[in-house]
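Trainee: next one to model:
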Amino acid sequence: MDQETQVTQPSAQVPVHHGVDRARFESEIVPLGRPAVLKGLVDDWPAVSLARTSPRTFADYLLSYDSGTPVRAFFGEPETGGRFGYSDDLKGFNHEQRSISLKSLLDQVLNRDSGGEQGHIYAGGVPLPKVLPGMAEAHPMPLLDPDKERLTSLWIGNRSRTAAHWDLAQNLACVVAGRRRFTLFPPDQIGNLYVGPIDLTLAGQPISLVDIVEPDFERHPKYRSALAVAEVAELEPGDALYLPSLWWHHVESLEDFGAMINLWWRDGPEYLTTPMLTMLHALLTIRDLPPGERQQWRTFFDHYIFQTGDDPVAHLPPDARGILGSMTGSIRARIKAILLQSLQR
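Mentor: Numbers count the residues shown, from 1 in each chain. All right, here's what the predicted structure looks like:
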């Protein structure tokens, strides 16, 4: 098949749901573990109404909450096409990152044309409680328990493309201004997405090197397999996307001015931290073992951690299970002490 005629974009659409309330969200949508478009979920947010009036009206509204805390902004030259990523040698980036005031950011975004001759700009992960105190409270999320700990942040800019990446937390991405296109891949597509360095990232998470808009199948042939299972969602202001943990997502801002509010949260015990730390530790302890021995350690992990069989400690009295017992403060402290001691050798 010729390069010009082969399929380059996903045909499957993320399911769209209307009139979703918290009960339905918790009982029908979250348990599926799949993305879902929640049509019109935040239509009644003040920010959405003001953004529909004009970008400047929305910008003035944001500034009414501004604490003066600087934000980190990304600046790309016109030739990037709004695609923020690595330099050609993968040792740096194809854009500039710098800290600026929210007012300066908004002025520059509003005064740039289409991301064309004057380039592309956006700021992501702007924490509302720190930068815009009070704004999160003015925009309640009816699908989440009010007492659930969450991270609420703002994304704002002109036409831009965020490379495919995953997030540890679950996410409700709520479009406030402009249209957004999400291209989504299941977590198991990691081997087909040509992921860049995990210790040199744009904003914390590893990213795919594939240009999702104009993929190069000669350079990234396995991407065809990822494309075959990809789904796309196009969101308008007032729409939200539910994104389960670890799903890969590429995000495009499709208009000259766009804004989105994200709400991230995790389920599980409060003591849990990122499993990425486990993977980093495994680089020191498992990856370079002889293949046979490495495979045996997979069996141990399945037994004790993933618990694919019977309860691994059912045969032990509760007071004799040591660090394998139910997690307590003292057990956490003991595990950390063992790890710290081993890493300091």
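Trainee: now do the SS call for R334.
Mentor: Following DSSP: H, G, I helix; E, B strand; the rest coil, the label given to R334 is helix.
Trainee: what's the neighbour count on it?
Mentor: 13 (other C-beta atoms under 10 Å). (C-beta placed from N, C-alpha, C; glycine too.)
Trainee: I212 contacts A164, doesn't it?
Mentor: Yes. At 6.0 Å, I212 counts as touching A164 under the criterion of C-beta atoms under 8 Å.
Trainee: quick one, what contacts R150?
Mentor: 141, 144, 263-265 (C-beta atoms under 8 Å, 6 or more residues apart in numbering).
Trainee: er, D43 I mean
Mentor: G238.
Trainee: still on that earlier bit, may I see the contacts of R150 arranged in TSV, with neighbour count and distance to A51 as well?
Mentor: Below are those laid out as TSV (neighbours: other C-beta atoms under 10 Å; distance: C-beta to C-beta, whole Å):
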residue	neighbour count	distance to A51
M141	21	18
L144	17	22
L263	22	18
W264	19	22
W265	17	24
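Trainee: closest one to I190 out of those residues, please.
Mentor: Among these, W264 lies closest to I190 (C-beta to C-beta), at 20.3 Å.
Trainee: the closest one sits in which helix or strand?
Mentor: strand 258-265 (DSSP states H and E).
Trainee: helices of the stretch 1-150 of the chain, start to end?
Mentor: Ranges of helices within the stretch 1-150 of the chain are 22-24, 46-53, 55-63, 102-110, 128-131, based on DSSP state H, counting those that start in this stretch.
Trainee: nearest to A233 among these would be which one?
Mentor: helix 46-53 (17.6 Å).
Trainee: how far off strand 258-265 does that closest one point, in degrees?
Mentor: 170 degrees (axes from the mean of the first three to the mean of the last three C-alpha atoms, to 10 degrees).
Trainee: now helix 46-53: mean pLDDT?
Mentor: In this model, helix 46-53 has an average pLDDT of 97.
Trainee: which strands or helices does that helix pack on?
Mentor: With contacts taken as 3 or more C-beta pairs under 8 Å, 6 or more residues apart in numbering; DSSP states H and E, helix 46-53 sits against helix 55-63, strand 170-177, strand 258-265.
Trainee: in it, which residues are buried?
Mentor: 47-51 (16 or more other C-beta atoms under 10 Å).
Trainee: swap in stretch 24-37?
Mentor: Applying 16+ other C-beta under 10 Å to stretch 24-37 flags 25, 29-30, 34-37 as buried.
Trainee: of these, which belong to strands?
Mentor: Members of the buried residues of stretch 24-37 lying in strands (criterion: DSSP state E): 36-37.
Trainee: hmm, back to that, what sits in contact with each of I212 and A164?
Mentor: 183, 250.
Trainee: low-confidence ranges, this structure, go.
Mentor: 1-5, 112-118 (pLDDT under 70).
Trainee: please parse it into its domains.
Mentor: Per automatic domain parsing, the domain ranges recorded for the chain read 12-265, 276-343.
Trainee: out of those, which gets nearest to Q6?
Mentor: Ranking those by proximity to Q6 (C-beta to C-beta) places domain 12-265 first, at 7.1 Å.
Trainee: run the chain-centre distance for the closest one.
Mentor: 8 Å (C-alpha atoms, centre = their mean, to the nearest Å).
Trainee: try stretch 296-307
Mentor: The answer for stretch 296-307 is 28 Å, by C-alpha atoms, centre = their mean.
Trainee: okay if I get the helices of the stretch 1-150 of the chain as CSV plus distance to P318?
Mentor: CSV is the format used below for the helices of the stretch 1-150 of the chain (distance: least, C-beta to C-beta, whole Å):
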stretch, distance to P318
helix 22-24, 36
helix 46-53, 51
helix 55-63, 53
helix 102-110, 53
helix 128-131, 41
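Trainee: list the contacts for the nearest residue to M135 once chain neighbours are set aside?
Mentor: In this structure, M135 finds its nearest non-sequential neighbour in Y65, 4.6 Å apart by C-beta to C-beta, 6 or more residues apart in numbering. For Y65, the contacting residues are 132-135, by C-beta under 8 Å, 6+ apart.
Trainee: filter the residues you listed down to the buried ones and hand me the ChimeraX line.
Mentor: Buried subset of the contacts of Y65, written as a ChimeraX selection, criterion 16+ other C-beta under 10 Å:
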select :132,135
